[in-house]
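K.L.:
Sequence unavailable; structure follows:
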Ligand code: F6P
């Protein structure tokens, strides 16, 4: 293996830059040439490539986002897109590909890598923490802390003005961020895609609590489970309590990566290059039980088991 390429794809996550830095610098230390592919799969299809050196990744360790840019690209699902991507691989003599991204990115890498015999290794980076078989993705810790800061701020006004708040966090198919911040933020309840919402029961509990003298609530909503504004309106209608909604949105995707996200990124960057050098492909690297491990793409892209009931019960008990 002489030349590897690295790309970031799907939604950006804080920590992608440190991961790129580790791939480039560790790759160079192993006598590899490292090529950056810009805008994810789109760049592979459209030949947006550039050789990276030690200096190309200076000063990015503390930056959110990705210097390689990223995109959601469905073209790689077409035969034409795959063939063009493969032509770029051949033209630039790329012997292996490091794919930094989430579930959708690994699904694409699994399919493309096997079909065209391109050695692909994934580095899990997504705020959603939706990669099966590993503990946590790069960026999830940063996003949780960003959302938690916002919830702590909302707590001040919710308590002072004695209101109910519905706070919508990211997570289209996955309630991980919602569960993590609801527990850490001492929130009263959480609504996630993994557990069917019983709005009547939730409102009944709010009214019961209000009768006992409780005056403020924060309910965290994962975006995949509805719109904060609609849920807030239903709560007002059913409880007569003043309810406000907040959508945190893309704020959660930006910002300086935390130490947890950076350390993870740097360790996994090295591990991904080692995988390629040692001839192990079609897999993702990740930390499980505190150690750097590998999980094959077919397992990594399966639905991650969150043990949502456990988290939900604990949130409710500790309220
Ligand atoms: O990257 C994951 C994620 O942030 C999800 O939590 C969210 O549903 C989605 O991306 C939003 O994607 P986009 O920025 O393309 O609208």
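P.N.:
Great, that's in hand. What you see is a predicted model, and the numbers here were worked out from it, not measured in a lab.
K.L.:
Just read off the phi/psi values of residue 95.
P.N.:
phi -90, psi -20 (degrees, to the nearest 10).
K.L.:
Next up, the contacts around the nearest residue to residue 25 once chain neighbours are set aside.
P.N.:
Nearest residue to residue 25, sequence neighbours excluded (C-beta to C-beta, 6 or more residues apart in numbering): residue 54, at 6.1 Å. (Each C-beta comes from the backbone N, C-alpha and C, glycine too.) The contact partners of residue 54, by C-beta atoms under 8 Å, 6 or more residues apart in numbering, come to 24, 25, 28.
K.L.:
Give the burial count for the second one, as a bare number.
P.N.:
I take that to be residue 25. Residues near residue 25, counting by other C-beta atoms under 10 Å, number 21.
K.L.:
Now do it, the pLDDT please.
P.N.:
Note on residue 25: pLDDT of 98.
K.L.:
Narrow the contacts of residue 54 to those in helices?
P.N.:
Among these, the members falling in helices (DSSP state H) are 24, 25, 28.
K.L.:
isn't residue 282 right next to residue 299, touching?
P.N.:
No: the criterion here is C-beta atoms under 8 Å, and residue 282 misses it with residue 299 at 10.7 Å.
K.L.:
ok, these two, which is more surrounded?
P.N.:
Each of residue 282 and residue 299 has its neighbours counted (other C-beta under 10 Å); residue 282 has more, 19 against 13.
K.L.:
wait, is residue 98 part of a strand?
P.N.:
Yes: membership of residue 98 in a strand is supported by DSSP: H, G, I helix; E, B strand; the rest coil.
K.L.:
46 is where my numbering starts, stick with that
P.N.:
With 46 as the first residue, the last one maps to residue 143.
K.L.:
Quick check: bridge partners of it?
P.N.:
residue 51, residue 166 (DSSP bridges).
K.L.:
Against residue 346, how distant is it?
P.N.:
Distance, residue 143 to residue 346, using C-beta to C-beta, to the nearest Å: 17 Å.
K.L.:
Which residue of these two possesses the greater neighbour count?
P.N.:
Neighbours per residue (other C-beta under 10 Å) separate residue 143 from residue 346, with residue 143 holding more: 30 against 25.
K.L.:
Tell me the predicted confidence for that one.
P.N.:
Residue 143 is given a pLDDT of 98.
K.L.:
ok, now residue 364?
P.N.:
88.
K.L.:
Could you dump the ones in helices among the contacts of residue 99 into a markdown table with distance to the ligand added?
P.N.:
Converted to a markdown table, the ones in helices among the contacts of residue 99 look like this (distance: C-beta to the nearest ligand atom, whole Å):
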| residue | distance to the ligand |
| --- | --- |
| 69 | 23 |
| 70 | 26 |
| 73 | 29 |
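K.L.:
neighbours around residue 363, how many?
P.N.:
10.
K.L.:
Please list all residues in contact with it.
P.N.:
228, 231.
K.L.:
Tell me how far it lies from residue 344.
P.N.:
33 Å.
K.L.:
Same check on residue 269?
P.N.:
23 Å.
K.L.:
Surely residue 244 touches residue 279?
P.N.:
Yes: between residue 244 and residue 279 there is a contact under C-beta under 8 Å: 5.9 Å.
K.L.:
And these two? Which one has more around it.
P.N.:
Legend: neighbour count by other C-beta under 10 Å for residue 244 and residue 279, higher for residue 279 (17 against 13).
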